[in-house]
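Q: I would like to see how this sequence folds:
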Amino acid sequence: MVEAGEFVVPGKELGFSEEFIPGRGTYEENGRIFASLTGVLKIDMKERKIEVEPKTNTIPEPRVGDIAVCKVVDVKQQFALVKLIRLLRSRRELPGNVYGTIHISQLRSTYVQDIDREIKIGDVVLAKVTNTRRVPIALSTVERPLGAIKAYCTSCNIALELEGKRLVCPNCGRYESRKYSSEYGKGVI
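A: Modelled structure (predicted):
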């Protein structure tokens with residue numbers, strides 16, 4: 001069998017599902033665990049988990065705790081639906097359509113009565129991944145550095161500018177309310 005620290009390639013048999021929980025970079029088939037990535041084998045005996053740490057340029061996969069750049073595609077009464085564009089830890093965009101939701105209770109640390117005052121369709125937001133076991137992925141903007149990093153005027157669709165602690169449209173002068181990030185307008189996108 002293989003040992004921790006060993007270099008493995010996709011398809012290499014790593015162990016049995018009776019012994020280990022298949023982790024990142026692995027897959028299970030007929031009770032056997034195989035490598036799905038090229039990389040170094042890691043074995044956590046305490047958790048009884050086996051995974052492969054990639055050593056090649058892999059497609060980023062959202063993990064709990066990641067900060068994601070997202071675009072708001074729909075806003076409902078209790079949540080906003082967002083498309084994850086990329087993870088801050090990676091320069092690569094996420095392939096395909098990876099969606100997440102930000103529940104109204106996960107927008108701010110304080111009570112939010114009306115979701116439409118906090119987030120709008122078209123906004124680009126920084127959000128923290130809180131659960132990847134459900135589809136769509138669960139996200140949060142509660143922490144201070146999270147929230148809108150780019151927002152648009154609902155009247156003329158021009159990017160809003162931050163003036164003091166308020167977002168204002170440079171075209172029509174309209175002030176708009178959002179849960180904005182401390183990184184608003186700094187070009188994080």
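
Q: switch to C-alpha atoms for all contacts and neighbour counts from now on
A: Noted.

Q: Beta-bridge partners for the one residue sitting closest to the centre of the chain, please?
A: Residue closest to the mean C-alpha point of the chain, counted by CA atoms, centre = their mean, is Ala68 at 3.7 Å. Beta-bridge pairing for Ala68 (DSSP bridges): Leu87, Ala127.

Q: Tell me how far it lies from Val2.
A: Taken as CA to CA, to the nearest Å, the spacing of Ala68 relative to Val2 amounts to 35 Å.

Q: one step back: the residue nearest to the centre of the chain is in contact with Arg86, isn't it?
A: Yes: with contact defined as CA atoms under 8 Å, Ala68 counts as touching Arg86 (5.8 Å).

Q: domains of this protein?
A: By the record's domain assignment, the chain is partitioned as 7-54, 67-149 (automatic domain parsing).

Q: average pLDDT for the longest one?
A: The predicted model gives domain 67-149 an average pLDDT of 93.

Q: Can you give me the first-to-last residue distance of that domain?
A: End-to-end span of domain 67-149 (CA to CA): 13 Å.

Q: what's near enough to touch the residue lying closest to Leu160 once chain neighbours are set aside?
A: Leaving aside its chain neighbours, Leu160 sits nearest to Cys169 (4.7 Å; criterion: CA to CA, 6 or more residues apart in numbering). Residues near Cys169 by CA atoms under 8 Å, 6 or more residues apart in numbering: 152-153, 158-161, 175.

Q: Apply 7 Å and report the result again.
A: Contacts for Cys169 were tallied using CA atoms under 7 Å, 6 or more residues apart in numbering; they are 153, 158-161, 175.

Q: Show the buried residues in the residues you listed.
A: Buried members of the contacts of Cys169, scored by 16 or more other CA atoms under 10 Å, are 153, 159-161.

Q: Determine whether the claim that Ser105 is in a helix is correct.
A: Yes: per DSSP: H, G, I helix; E, B strand; the rest coil, Ser105 lies within a helix segment.

Q: For it, give its distance to Leu81.
A: With distances defined as CA to CA, the gap from Ser105 to Leu81 amounts to 14 Å.

Q: Then Cys70?
A: Cys70 is 10 Å from Leu81, where distance means CA to CA.

Q: Neighbour count: these two, which is higher?
A: Set side by side, Cys70 and Leu81 give different neighbour counts by other CA atoms under 10 Å, the larger being at Cys70 (27 against 22).

Q: for that one, helix, strand, or coil?
A: Per three-state DSSP, the secondary structure class of Cys70 is strand.

Q: Please name the residues that touch the closest residue to it other than its chain neighbours.
A: The spatial neighbour of Cys70 that comes closest, neighbours along the chain excluded (CA to CA, 6+ apart), is Leu84 at 4.4 Å. Residues near Leu84 by CA under 7 Å, 6+ apart: 68-71, 98-100.
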